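Need a 3D model of the sequence below.
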Amino acid sequence: EIEELRKNGFDENASLKALRKTDGDITTAEKILSDEDDEIVSHFEENVRNLVKSGFDEDISRELLLLQHKRDLEKAGQFDGRAKNRLKKMGFSEEKIPSKNEIKKPQKDKNKPHLPKLDKSSVVFEGSAENFYDLVIQSPVPVLLDVYANWCGPCKQLTPILEDIAMKSNGAFRLVKLNSDENRALTSILKVEALPSVFALHEGAILDNFVGGLDADQMRGFMLNLMKRQPPSDDLPLRERQLSPKQRERMTFNLLQESGLTKIGMAKFRRISEKVDELLENTSGSEETIATIRLIRSLCFNAVVGLSKGAISKWDKINKDGKAFKSLLSGNENALKVLKIAGFREEKENFVVLSERNVAVLTLVQSRCDEALNNLKRHKNVRVVEQISTADDSNKNTTNTSHKTSNEKVDEPFVVPAEIKSQNDEEISVVLIDGEEFSVDSLTSVQDLFAFIQNDQNVVALSQIGRRNVISKKGDTSKTLLEMGVEDRSEFRT
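As a prediction, the model looks like this:
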């Protein structure tokens, strides 16, 4: 079977893995390998189109991307026979590698209208806490963030180079310069410890970073990834002081939260909180109401995770034809108003779209939903106590068993047992009793998931004892997050 797959152009190691997955079924194994190659080729073509849209020549963009793909494979030790065959199918040839002169001066299409030279002020900006949300988070193009200081010698050498690249890109990306001495809060979130520090961002998500400088090949790869709007391959080893995917996600969340709060201001933040509370209070304590609030909370939570990961497209819309929308949201005026406050405002075809992507507002709505659920439970429990007291007064012979049965019946909807599964050193999955699984990659998300789970009966609880963050379960020994395999607790908030 391996020889047959090799004849069809697949590498021996890849063929062996595919055969193991399919228990030796060569037809299915070949389909798996072909689908993997097709996905890589499709992603490559999408990157070519992005570069062409940014104003680069198509042929040169294609060859440069193929060359970068080849170098990435070589650095990762994955430039095997299968990779070589795939590159050939994609049209790669050493003879086609464009010269430096061709890259600087791509062929011009005479039929295309002449683009006027951009003014420096339209591609190079001075950032601050006040304009960071508009310049960086809401930027329609990728952003190169240059953190510098006036006293920094290397910064004075690097910044003019970055400005020159930005000018020559013809608006394909923008350069935002951030003075570290004047923007301590932002540089603290970015964990800037040395200068210059440069970050690549798209839609507010951090894609990559470097500190100091890069060699020519590294800089070329860094800029190509920025233009492609994607992070570096996970297979490549990290450079010195380069952020890992987990670190980028946590940092992105904090950056989005801080800049979003600065954008709306504390006064508006409080007004939003009061308005959401008012809308959620004007609801009954029915099972449908509880399900609706939990749905709103989940939509906000998923949007925050998507924005932090730089993958919001999966969570930025609600299908109006979906079962959840029809059964819980359609016609529910208060629920739709809360969603509108969260940012789900624009309607396109059969979808409600997250058009305002402010993480500070999304997390606020999420937290108010948690509080509303807690209040509903407390009110329900008060009614249970009153019912039991009335029963005791009218019939003192009522058994404890009947009290217990009544109590269990009312409390059941609010009891959410959960199972913690630590899959590796950083990822924790939480499986709720209805079988829905949540995979979270940041400690803030862990806190968010447990916010609505109450500390009673046999339910997992999240708490802080002194400076130790503790996850515990009744009857079990409490474990710190560190003992559970979560090492970085710096971003955890009580």
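
remind me which residues of the protein are low pLDDT?
Counting by pLDDT under 70, the chain shows low-confidence ranges at 9, 53-57, 60, 69, 73, 75-82, 87, 89-118, 283-284, 379-494.

residue contacts, the closest residue to residue 229 other than its chain neighbours?
Nearest residue to residue 229, sequence neighbours excluded (CB to CB, 6 or more residues apart in numbering): residue 202, at 4.5 Å. C-beta here means a position set from N, CA and C on the backbone, and glycine is covered the same way. By CB atoms under 8 Å, 6 or more residues apart in numbering, the contact list for residue 202 reads 142, 143, 226, 229, 310.

any idea how far residue 202 is from residue 306?
Using CB to CB, to the nearest Å, residue 202 is found at 13 Å from residue 306.

Which residues belonging to the host helix or strand of residue 264 are considered buried?
Here residue 264 is covered by helix 245-281, with elements defined by DSSP states H and E. Going by neighbour count (16 or more other CB atoms under 10 Å), the buried part of helix 245-281 is 245, 247-264, 272-273, 276, 279-280.

same question, stretch 18-27
18, 19, 22, 26.

Can you tell me which of these end up in strands?
Residues of these located in strands (DSSP state E): none.

Kindly indicate which of those residues lies nearest residue 41.
Nearest to residue 41 among those: residue 18, at 17.6 Å, using CB to CB.

wait, the closest one sits on residue 6?
No. Look at residue 18 against residue 6 with CB atoms under 8 Å: they stay out of range, at 11.8 Å.

sorry, back to before: helices or strands up against the helix or strand just after the helix holding residue 264?
Using DSSP H and E, the helix or strand that follows helix 245-281 in sequence is helix 287-309. Using 3 or more CB pairs under 8 Å, 6 or more residues apart in numbering; DSSP states H and E as the contact test, the elements touching helix 287-309 are strand 205-211, helix 245-281, helix 333-342, helix 359-394, helix 443-450.

just to revisit the earlier point, what pairs with the residue nearest to residue 229 across the strands?
Note on residue 202: beta-bridge partners by DSSP bridges are residue 205.

For residue 141, see how far away it is.
Residue 202 sits 8 Å away from residue 141, going by CB to CB.

Please apply the same query to residue 314.
Distance of residue 314 to residue 141, given as CB to CB: 22 Å.

of these two, who's got more company?
Between residue 314 and residue 141, counting by other CB atoms under 10 Å, residue 141 is the more crowded of the two (15 against 11).

would that one count as being in a helix?
No. Counting by DSSP: H, G, I helix; E, B strand; the rest coil, residue 141 is not part of a helix but coil.

Export the buried residues of stretch 18-27 as a markdown table, with columns for distance to residue 222.
Listed next are those as a markdown table, based on distance: CB to CB, whole Å:
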| residue | distance to residue 222 |
| --- | --- |
| 18 | 33 |
| 19 | 38 |
| 22 | 38 |
| 26 | 41 |
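
nearest to residue 212, of those residues?
Checking the buried residues of stretch 18-27 against residue 212 with CB to CB, the nearest one is residue 18 at 42.0 Å.

Let me see the contact set for that closest one.
Residue 18 touches 5, 10, 29, 30, 32, 33, counting by CB under 8 Å, 6+ apart.

Those residues in strands, which ones?
Checking those against strands, none of them qualifies (DSSP E).

Narrow the residues you listed to those in helices?
Counting by DSSP state H, the contacts of residue 18 place 5, 29, 30, 32, 33 in helices.

And the furthest pair within those residues?
5 and 32 (10.5 Å).

Give me the more crowded residue out of those two.
Between residue 5 and residue 32, residue 5 has the larger neighbour count (other CB under 10 Å), namely 21 against 17.

all helices of the stretch 51-200 of the chain, in order?
All helices of the stretch 51-200 of the chain, identified by DSSP state H, counting those that start in this stretch, fall at 58-75, 81-89, 100-104, 132, 153-168, 184-189.

for these, which one ends up most surrounded?
Comparing the helices of the stretch 51-200 of the chain by mean neighbour count (mean count of other CB atoms under 10 Å), helix 132 ranks first with a mean of 24.

now what about it, what contacts it?
For helix 132, the surrounding residues in contact (CB under 8 Å, 6+ apart) are 178, 186, 259, 262.

is it true that the first one touches residue 187?
By that I understand residue 178. Yes. Residue 178 is in contact with residue 187 according to CB under 8 Å; the separation is 7.2 Å.

any residues in contact with both of these two?
Each of residue 147 lies in contact with both residue 178 and residue 187 under the rule CB under 8 Å, 6+ apart.

Contacts only, for residue 165.
Counting by CB under 8 Å, 6+ apart, residue 165 touches 144, 175, 223.

Please report how far the second one lies from residue 354.
In this structure, residue 175 and residue 354 are separated by 28 Å, where distance is defined by CB to CB.

ok, now the last one?
As defined by CB to CB, residue 223 lies at a distance of 30 Å from residue 354.

Neighbour count: these two, which is higher?
Shown here are residue 223 and residue 354; by other CB under 10 Å, residue 354 has more neighbours (25 against 20).

How about the contacts made by residue 302?
314, 315.

If we use 6 Å, what do you get?
For residue 302, the contact set (CB atoms under 6 Å, 6 or more residues apart in numbering) comprises residue 315.

Tell me how many other residues crowd the residue lying closest to residue 182 once chain neighbours are set aside.
Residue nearest to residue 182 in three dimensions, not counting chain neighbours: residue 128, with 7.1 Å by CB to CB, 6+ apart. By the criterion of other CB under 10 Å, residue 128 has 15 neighbours.

give me phi/psi at residue 128?
The phi/psi pair for residue 128 (degrees, to the nearest 10) reads phi -160, psi 170.

how close does it get to residue 278?
34 Å.

circling back: export the contacts of helix 132 as CSV, with columns for distance to residue 218.
Shown next, in CSV, are these (distance: CB to CB, whole Å):
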residue, distance to residue 218
178, 22
186, 25
259, 28
262, 33
